[in-house]
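Chemist: no FASTA, just this:
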């Protein structure tokens, strides 16, 4: 059973999001760490994910890539974990809306800003994210004045959006606002986040020591 | 009942994807066209979507933004339309994987290329999409050698990925490859696509004539 769920990851990647999600689900899983440029570009791994990217999840015959898709897949596949919003309710609309908002506009705008490659104002209509300011304001609106982003309990959408906000605050790519800090503190208080962080931090140290020894 | 589903759109936007999805679902819906810069930035609309962007879908009390989220929401909410992959099967993994792949890396890389703002090779690890070439190759892999992108029937993932490919081929932002052309031809043969296209083309002509008269 433990080999049924296999996460290909790297502790210095968005794979941390997928590991946190696996810890929330609470099923046994195996983790295989890949290195940038070497094992991540091996023919065996490129057969599973031609992008040569982590995180990638295998679940029996199923393969899921994209951190948000992994979160949504695990929430849907293991409903007993209670990490999906209830279908047929407005909460499910919020659930999908904010998962895709974070995976699309937030990811694109934050990355473009960090790289100094934001679309100029006169071309904002061409960019799926419009402009960086609107994306951050909308993200603030999404997490303000409520305990959870979709419905009345913690879901995979909180995990994924919260990971973006936590990451952005840590690296300074999302500006510090009270609503972001409060939300980050809420999601990072989850025991599953703490477990996943400890495991990935330990793996990161081990991999860095191995590199220094080479 | 017809006011239960309301799509805010513009015929020169990704709103075309949402209208096509509504035509696939086959339920009555109302459409409200908004103009860039004016009605799209009105206080009333910004309350619904602070991004001031279309497409935005209202379904009773639920609000969904992001074209991919609208497709996934409608597929999940109206299961009789048969537009969702079956949960608990590997097809559901493919369904989520390619929906999020198109909404994330494809959207970001194609937009960045069109704007001349792609991440330089030495910073590829920072960009969620990696590099444009890998994104296009992976997209080709996703649609090659099978009739549908997830499982054995047409789903919202075919619609959303197909819309990106059709759009990219039309505007030259995705290079012409046989697999893309074959897939585009398959999805665009759908009667619902043809109906949505005719309706949006007609609306576009009407809006352009109104602008010329002003």
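Modeler: Here it is on my side, so go on. Bear in mind the structure is a predicted one, so any value in this text is a computation, not a measurement. Residues are numbered from 1 along each chain as shown, chains lettered A, B, ... in the order given.
Chemist: May I see the buried residues of the helix or strand hosting residue A:141?
Modeler: Assigned by DSSP states H and E, residue A:141 belongs to helix A:132-143. Neighbour counts over helix A:132-143 (16 or more other CB atoms under 10 Å in any protein chain shown) mark A:132, A:134-136, A:138-140, A:142-143 as buried. Just so you know, the C-beta spots here come from the backbone N, C-alpha and C atoms, and that holds for glycine as well.
Chemist: who's in contact with it?
Modeler: The contact list for helix A:132-143, computed with CB atoms under 8 Å, 6 or more residues apart in numbering or on different chains, reads A:98, A:101-102, A:105-106, A:109-110, A:112-113, A:118, A:129, A:149, A:161, A:165, A:174-175, A:177, A:179-180, A:183, B:49-52.
Chemist: ok, now stretch A:105-116?
Modeler: Under CB under 8 Å, 6+ apart, the answer for stretch A:105-116 is A:118-119, A:127-132, A:135-136, A:138-139, A:161, A:164, A:168, A:171, A:173-174, B:51, B:66, B:104, B:107-108, B:111-112, B:117, B:119, B:123, B:126-128.
Chemist: ranges for the strands of chain A?
Modeler: Counting by DSSP state E, chain A has strands at residues A:5-9, A:30-33, A:56-59, A:62-65.
Chemist: The third one: how far from the chain's middle?
Modeler: Average the C-alpha atoms of strand A:56-59, do the same for its chain, and the two points are 15 Å apart (CA atoms, centre = their mean, to the nearest Å).
Chemist: swap in the last one?
Modeler: Relative to the centre of its chain, strand A:62-65 is centred 15 Å away, using CA atoms, centre = their mean.
Chemist: So what are the sheet partners of it and their directions?
Modeler: Using DSSP bridges, strand A:62-65 pairs in its sheet with strand A:56-59 (antiparallel).
Chemist: what mean pLDDT does the partner strand have?
Modeler: Strand A:56-59 shows a mean pLDDT of 98.
Chemist: cool, stretch A:101-121 as well?
Modeler: 95.
Chemist: residues of that stretch that come out buried?
Modeler: So stretch A:101-121, judged by 16+ other CB under 10 Å, has buried residues A:101-115, A:117-119.
Chemist: anything in the longest helix along chain A near chain B?
Modeler: Determined from DSSP state H, the single longest helix within chain A is helix A:191-213. No. Using CB under 8 Å from any CB of the partner chain, helix A:191-213 stays clear of chain B, with a minimum separation of 15.2 Å.
Chemist: Quick one: list the elements packing against that helix.
Modeler: helix A:15-25 (3 or more CB pairs under 8 Å, 6 or more residues apart in numbering or on different chains; DSSP states H and E).
Chemist: The helix it packs on and chain B, are they touching?
Modeler: No. Contact of helix A:15-25 with chain B (CB under 8 Å from any CB) is absent, the minimum separation being 11.8 Å.
Chemist: what's the angle between that helix and strand A:5-9?
Modeler: 160 degrees (axes from the mean of the first three to the mean of the last three CA atoms, to 10 degrees).
Chemist: Rounded mean pLDDT for helix A:15-25, please.
Modeler: 98.
Chemist: Can you tell me what sits against that helix?
Modeler: With CB under 8 Å, 6+ apart, helix A:15-25 has contacts from A:5, A:7-9, A:29, A:31, A:54-55, A:57, A:67, A:70-71, A:74-75, A:78, A:81, A:83, A:156, A:159-160, A:163, A:190, A:192-193, A:195-197, A:199-200.
Chemist: Buried only: go through those for me.
Modeler: Buried among the contacts of helix A:15-25 (16+ other CB under 10 Å): A:5, A:7-9, A:29, A:31, A:54-55, A:57, A:67, A:70-71, A:74-75, A:78, A:81, A:83, A:156, A:159-160, A:163, A:190, A:192-193, A:196-197, A:199-200.
Chemist: Tell me where the model's unsure across chain A.
Modeler: Low-confidence segments of chain A (pLDDT under 70): A:1-3.
Chemist: What are the neighbouring residues in contact with residue A:163?
Modeler: A:14, A:16-17, A:20, A:67, A:187.
Chemist: neighbour-wise, which of these leads?
Modeler: residue A:67 (31 neighbours; other CB atoms under 10 Å in any protein chain shown).
Chemist: That residue and residue A:57 touch, don't they?
Modeler: No. Look at residue A:67 against residue A:57 with CB atoms under 8 Å: they stay out of range, at 9.6 Å.
Chemist: Hmm, residue A:76 is touching residue B:95, no?
Modeler: No. Between residue A:76 and residue B:95 there is no contact under CB under 8 Å: 9.8 Å.
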